[in-house]
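> Fold the following.
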Amino acid sequence: MFVRSTLDRARNERGFAYPSPLVMLSVVAVAMAGIAFVATRDQPETERQITPAAAPPSTPSETPTVTPEPEKKPAKPKVQRAKVYVEVYNNTGIQGLAGRVSQRATDIGWQVVGSDNWVGTIPANTVYFPPRLKAAGRQLALDLGIRRVQPAVGSMKLDRLTIVLTGEL
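Below is the predicted model:
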């Protein structure tokens with residue numbers, strides 16, 4: 001009887017030890033990092049630099065020269081800022097950055113429809129555009145002084161421009 005009760009007690013004393021909260025938090029953090037990695041990986045980025053189209057100032061010459069007038073090209077339609085949706089995301093620890101840039105874009109005439117925080121790795125302040133809004137994306141970048149303009153990726157909405165901020169403008 002003694003042998004049997006000792007075996008029963010040994011069997012009943014086995015159980016599952018719950019991991020400490022630190023171990024559980026670490027497991028959750030590793031899982032979230034894995035999900036973020038899978039969600040943010042994409043094709044290699046192609047860098048594009050946008051520069052203003054301002055001509056350097058010319059110096060006056062002593063003798064006036066007559067140059068033939070170049071043929072006028074049909075003017076490209078101007079971007080109608082008020083008709084283009086814009087979302088602004090903060091990818092920094094700077095509190096209120098997306099709100100300040102949203103207000104600045106609104107003051108210029110863009111239709112900002114949202115701002116929030118961004119989770120992921122972005123190398124620089126960037127304007128992302130869907131294919132049909134490429135010209136608007138370049139104009140927005142010029143308006144705000146953002147040098148990096150890229151096609152929209154991942155789960156970005158294709159009816160608006162997306163700004164991801166990695167620092168002050």
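
> tally of neighbours for V112?
Look at V112: counted by other C-beta atoms under 10 Å, it has 23 neighbours. (Glycine included, C-beta is placed from N, CA and C.)

> ranges for the helices of this structure?
2-13, 21-40, 97-108, 134-144 (DSSP state H).

> so N90 touches N117, yeah?
Yes - N90 lies in contact with N117 (C-beta atoms under 8 Å); the separation is 5.2 Å.

> contacting residues for the closest residue to P151 other than its chain neighbours?
Leaving out its chain neighbours, the residue that sits closest to P151 by C-beta to C-beta, 6 or more residues apart in numbering is F129, at 6.5 Å. F129 makes contacts with A136, G137, R138, V149, Q150, P151, A152, L161, T162, as judged by C-beta atoms under 8 Å, 6 or more residues apart in numbering.

> Could you dump those residues into a markdown table and include distance to V112, pLDDT and neighbour count?
Compiled in a markdown table, the contacts of F129 are given as follows (distance: C-beta to C-beta, whole Å; pLDDT from 0 to 100; neighbours: other C-beta atoms under 10 Å):
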| residue | distance to V112 | pLDDT | neighbour count |
| --- | --- | --- | --- |
| A136 | 13 | 96 | 22 |
| G137 | 14 | 96 | 27 |
| R138 | 18 | 96 | 17 |
| V149 | 18 | 96 | 21 |
| Q150 | 19 | 96 | 20 |
| P151 | 21 | 96 | 15 |
| A152 | 17 | 95 | 18 |
| L161 | 10 | 97 | 28 |
| T162 | 11 | 97 | 23 |
